[in-house]
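In: Need coordinates for the below:
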Amino acid sequence: MAGEIQLNGTTALTESAGEVTLNNVDSATNRTNLGLGTAATSASTDFASSSRTITAGTGLSGGGDLSTNRTINVSFSANESNVKTALNATGSAPIYACRAWINFDGTSGSIGTGRANGNVSGVTDNGGSGNYTVNFANNMPDANYVVVAGGLRSSPYSSANLIQTISRSSSAVNIKTPDSGSSFDDFLFVDVAIFR
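Out: You can find the predicted model right below:
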């Protein structure tokens with residue numbers, strides 16, 4: 001036909017300097033020369049179509065038609081067995097995570113966020129000796145949490161009597177570190193953990 005070039009399976013197409021050259025080779029070589037790879041001869045069933053869907057299973061939500069980006073959300077029950085196994089916890093009793101913790105130097109003039117912490121925005125030195133307020137970065141659900149605390153006094157080094165919880169709210173807890181008598185003292189190490 002006028003204006004048309006017909007190629008059969010024994011003609012190779014190669015390109016160089018803007019010119020296309022025809023050579024007598026097989027179709028596989030033609031595909032290689034044109035950079036088509038194996039996809040050019042793959043069946044349509046070899047590829048996932050955009051109409052396919054992804055379905056969420058147990059503990060999962062989300063999914064849907066893959067024609068757009070989809071999100072799968074993971075949710076666990078309060079006593080999820082897989083989480084407990086990962087934490088090496090056994091038995092039917094539930095586990096509860098620490099909601100806030102801090103290790104700080106109570107003798108420091110600027111306590112700040114301590115040596116290390118989790119969910120603590122800072123510690124306030126309330127003046128006097130051994131009187132501190134631990135402020136939470138994210139509030140507790142209420143003030144009905146448990147305060148676990150310990151410490152080490154410097155010069156002379158000795159462990160504390162039971163650290164006292166003076167007051168608590170959803171946003172902070174006020175503690176005092178008593179010395180071996182009835183008074184209070186700044187402690188070199190003060191460790192506080194909150195459970196709820």
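
In: and the nearest residue to Gly150 once chain neighbours are set aside, how many neighbours?
Out: Using C-beta to C-beta, 6 or more residues apart in numbering and skipping residues adjacent in sequence, the residue nearest Gly150 is Asp191, 5.0 Å away. Where you see a C-beta, it was placed from the backbone N, CA and C, and this is true even at glycine. For Asp191, the tally of surrounding residues (other C-beta atoms under 10 Å) stands at 18.

In: what bridges to Asp191?
Out: Beta-bridge pairing for Asp191 (DSSP bridges): Asn103, Gly150.

In: shouldn't it be in contact with Ala149?
Out: Yes - using C-beta atoms under 8 Å, Asp191 is in contact with Ala149, at 6.4 Å.

In: tell me how far stretch 103-122 is from the chain's mean position?
Out: Stretch 103-122 sits 24 Å away from the centroid of its parent chain (C-alpha atoms, centre = their mean, to the nearest Å).

In: quick one on the thing from earlier: pLDDT at the residue nearest to Gly150, what is it?
Out: pLDDT, Asp191: 95.

In: Let me see the contact set for it.
Out: Asp191 is in contact with Trp101, Ile102, Asn103, Ala149, Gly150, Gly151, counting by C-beta atoms under 8 Å, 6 or more residues apart in numbering.

In: what separates it from Asn138, distance-wise?
Out: From Asp191 across to Asn138, the span is 20 Å (C-beta to C-beta, to the nearest Å).

In: Could you do Ser42 as well?
Out: Using C-beta to C-beta, one gets 52 Å for the distance from Ser42 to Asn138.

In: residues in contact with the residue nearest to Pro141 when sequence neighbours are not counted?
Out: On the basis of C-beta to C-beta, 6+ apart, the spatially nearest residue to Pro141 that is not a chain neighbour turns out to be Arg196, at 6.3 Å. Residues near Arg196 by C-beta under 8 Å, 6+ apart: Tyr96, Arg99, Met140, Pro141, Asp142, Asn144, Tyr145, Val146.

In: could you show me where the strands are in this protein, in order?
Out: 12-16, 19-23, 53-55, 60-65, 72-74, 98-104, 116-118, 120-125, 131-136, 146-153, 158-159, 164-168, 172-176, 187-195 (DSSP state E).

In: I am finished for the moment; much appreciated.
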